[in-house]
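Engineer: starting from these lines, generate the structure:
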Amino acid sequence: MGKGGSLSGGVLRKILLSYAYVGIWIFLSFTVIVFNKYILDRKLYGWPYPISLTLIHMSFCSALAFLLINVFHLVDPVSISRELFLTSVVPIGALYSLSLWLSNSAYIYLSVSFIQMLKALMPVAVYSIGVALRKDAFNTRTMVNMLSISLGVAVAAYGEAKFDAWGVTLQLGALVFEATRLVMIQILLSSKGINLNPITSLYYIAPCCFVFLLVPWVLVEYPILRDNSSFHLDFWVFGANAFCAFALNLAVFLLVGKTSALTMNVAGVVKDWLLIAFSWSIIKDMVTPINLFGYALAFLGVGYYNYLKLQALKAKEAQKKAAPEGNDEEAGQLLEVRELEGTGEKKAFQT
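Structural biologist: Residues are numbered from 1 along each chain as shown. Here you go, the predicted model:
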């Protein structure tokens with residue numbers, strides 16, 4: 001009973017911790033999305049400057065990542081050569097800056113619920129770009145699944161009560177850039193044995209994003225902010241928003257590191273439904289029956305996609321047991337990258 005009780009207690013503790021990590025990630029992801037919507041929506045806080053908001057996130061995250069690595073030494077640094085930085089990190093930073101700019105801009109035009117429905121297209125974008133760049137092999141069954149997800153999102157868009165073509169264009173553009181970034185991470189970094197956790201990702205990529213966003217900010221938003229003498233930056237609002245964005249990256253590190261990226265996929269689906277319910281009941285966004293029917297179709301497609309990934313995970317685990325011990329770590333790292341690519345959620349580095 002002693003050993004059995006100890007084992008049961010250990011298993012129970014592990015299960016409870018896993019649920020805690022999932023709960024923390026859902027809460028922070030939920031908070032960041034709603035917080036960004038609150039700030040950017042003209043009818044709420046009324047500060048429609050997505051580039052400026054993203055610059056605040058990048059500067060805050062860059063500073064904290066620098067302190068955690070170089071001052072407090074809470075995270076081990078990852079050494080990256082100048083050549084690798086210029087050829088790999090900089091392009092990934094450029095793609096991510098575009099993704100963040102467009103995705104934050106979409107909150108000005110679209111409801112939270114509809115944006116979450118459009119995000120169901122992330123597996124479609126990642127798979128399509130992976131095939132186009134010859135990183136993934138074309139598979140008829142997978143493509144049929146991708147088409148079913150696309151059909152569900154199209155039905156949801158058809159039923160959207162406040163459809164805005166420009167907002168949809170911004171969100172789809174953000175998905176394309178984000179999917180490209182995820183594929184490029186595997187091509188440019190993971191294939192070279194470079195694996196960045198959320199803090200080291202922030203350390204290298206956040207400053208790149210900040211620099212790339214400065215040009216459009218100077219041209220587009222700075223003149224408006226300069227002439228708007230009535231605007232005063234609310235330290236508590238924007239500071240809390242930036243801190244939540246940073247904390248979300250830590251939650252990603254805990255969730256993926258202590259459970260798995262597949263768990264994150266499932267948690268992401270739960271979060272999406274919660275956001276849709278919140279958007280409808282609290283923010284009072286209109287969610288139509290056709291919206292829900294279309295998203296349900298996409299949800300089934302994403303669920304089947306996750307099921308296939310689970311089967312692939314089991315097959316990979318079987319291969320790992322049969323493979324020499326030296327190959328275990330590499331196989332696990334590659335598998336985790338592939339799992340993360342499937343959702344676009346978390347990945348490292350979210351705002």
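Engineer: can you map out the helices along this structure?
Structural biologist: Counting by DSSP state H, one finds helices in the chain at the ranges 2-40, 50-66, 82-84, 90-106, 112-118, 122-132, 140-158, 165-184, 198-216, 222-227, 235-258, 261-281, 289-322, 328-343.
Engineer: just so I know, which of those helices lies nearest Lys192?
Structural biologist: helix 82-84 (7.1 Å; CB to CB). For glycine as for every other residue, the C-beta is placed from the backbone atoms N, C-alpha and C.
Engineer: what lies in contact with the closest one?
Structural biologist: Helix 82-84 is contacted from outside by 192, 194, using CB atoms under 8 Å, 6 or more residues apart in numbering.
Engineer: same question for it, mean pLDDT?
Structural biologist: In this model, helix 82-84 has a mean pLDDT of 89.
Engineer: and it, how far out from the chain's middle?
Structural biologist: 26 Å (CA atoms, centre = their mean, to the nearest Å).
Engineer: quick check: buried residues in that helix?
Structural biologist: Within helix 82-84, no residue counts as buried by 16 or more other CB atoms under 10 Å.
Engineer: and if you look at stretch 159-170?
Structural biologist: 159-160, 164, 167-168, 170.
Engineer: for the residues you listed, give me CSV that also has distance to Leu275 and pLDDT.
Structural biologist: Formatted as CSV, those follow (distance: CB to CB, whole Å; pLDDT from 0 to 100):
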residue, distance to Leu275, pLDDT
Gly159, 17, 90
Glu160, 15, 90
Asp164, 18, 94
Gly167, 16, 95
Val168, 18, 96
Leu170, 18, 97
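Engineer: hang on, the earlier thing: out of the helices of the chain, flag the one nearest Val75.
Structural biologist: helix 198-216 (4.5 Å).
Engineer: helices and strands around the closest one, which ones?
Structural biologist: Here helix 198-216 touches helix 50-66, helix 90-106, helix 235-258, going by 3 or more CB pairs under 8 Å, 6 or more residues apart in numbering; DSSP states H and E.
Engineer: dump the longest one to PDB, keeping only the CA atoms.
Structural biologist: Taking only C-alpha atoms (Å, rounded to 0.1, in the frame of the first residue of the first chain), the coordinates of helix 235-258 have been written out as PDB:
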ATOM      1  CA  PHE A 235       0.900  53.300 -17.600                       C
ATOM      2  CA  TRP A 236      -1.300  50.900 -15.700                       C
ATOM      3  CA  VAL A 237      -3.400  49.800 -18.800                       C
ATOM      4  CA  PHE A 238      -0.500  49.300 -21.200                       C
ATOM      5  CA  GLY A 239       1.900  48.000 -18.600                       C
ATOM      6  CA  ALA A 240      -0.600  45.400 -17.500                       C
ATOM      7  CA  ASN A 241      -1.300  44.500 -21.100                       C
ATOM      8  CA  ALA A 242       2.400  44.100 -21.900                       C
ATOM      9  CA  PHE A 243       3.000  42.000 -18.700                       C
ATOM     10  CA  CYS A 244       0.100  39.700 -19.600                       C
ATOM     11  CA  ALA A 245       1.600  39.200 -23.000                       C
ATOM     12  CA  PHE A 246       5.000  38.300 -21.400                       C
ATOM     13  CA  ALA A 247       3.400  36.000 -18.800                       C
ATOM     14  CA  LEU A 248       1.600  34.200 -21.600                       C
ATOM     15  CA  ASN A 249       5.000  33.100 -23.000                       C
ATOM     16  CA  LEU A 250       6.000  31.700 -19.600                       C
ATOM     17  CA  ALA A 251       2.700  29.800 -19.500                       C
ATOM     18  CA  VAL A 252       3.500  28.400 -23.000                       C
ATOM     19  CA  PHE A 253       6.800  27.200 -21.700                       C
ATOM     20  CA  LEU A 254       5.200  25.500 -18.700                       C
ATOM     21  CA  LEU A 255       2.400  23.900 -20.700                       C
ATOM     22  CA  VAL A 256       4.500  22.500 -23.500                       C
ATOM     23  CA  GLY A 257       7.500  21.700 -21.300                       C
ATOM     24  CA  LYS A 258       5.500  20.000 -18.500                       C
END
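Engineer: now that helix against helix 198-216, angle please.
Structural biologist: For helix 235-258 against helix 198-216, the angle by axes from the mean of the first three to the mean of the last three CA atoms, to 10 degrees is 140 degrees.
Engineer: for helix 235-258, buried residues please.
Structural biologist: Quick answer for helix 235-258 (16+ other CB under 10 Å): 238, 241-242, 244-256.
Engineer: including distance to Glu83, could the buried residues of stretch 159-170 go into a markdown table?
Structural biologist: Formatted as a markdown table, the buried residues of stretch 159-170 follow (distance: CB to CB, whole Å):
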| residue | distance to Glu83 |
| --- | --- |
| Gly159 | 50 |
| Glu160 | 46 |
| Asp164 | 43 |
| Gly167 | 40 |
| Val168 | 39 |
| Leu170 | 34 |
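Engineer: show me which of these is closest to Trp101.
Structural biologist: For these, the nearest to Trp101 is Leu170 (8.9 Å; CB to CB).
Engineer: tell me who's in contact with the closest one.
Structural biologist: 102-103, 105-106, 109.
Engineer: could you find the closest non-adjacent residue to it?
Structural biologist: The shortest distance from Leu170 to any non-neighbouring residue, by CB to CB, 6 or more residues apart in numbering, is to Ala106 (4.3 Å).
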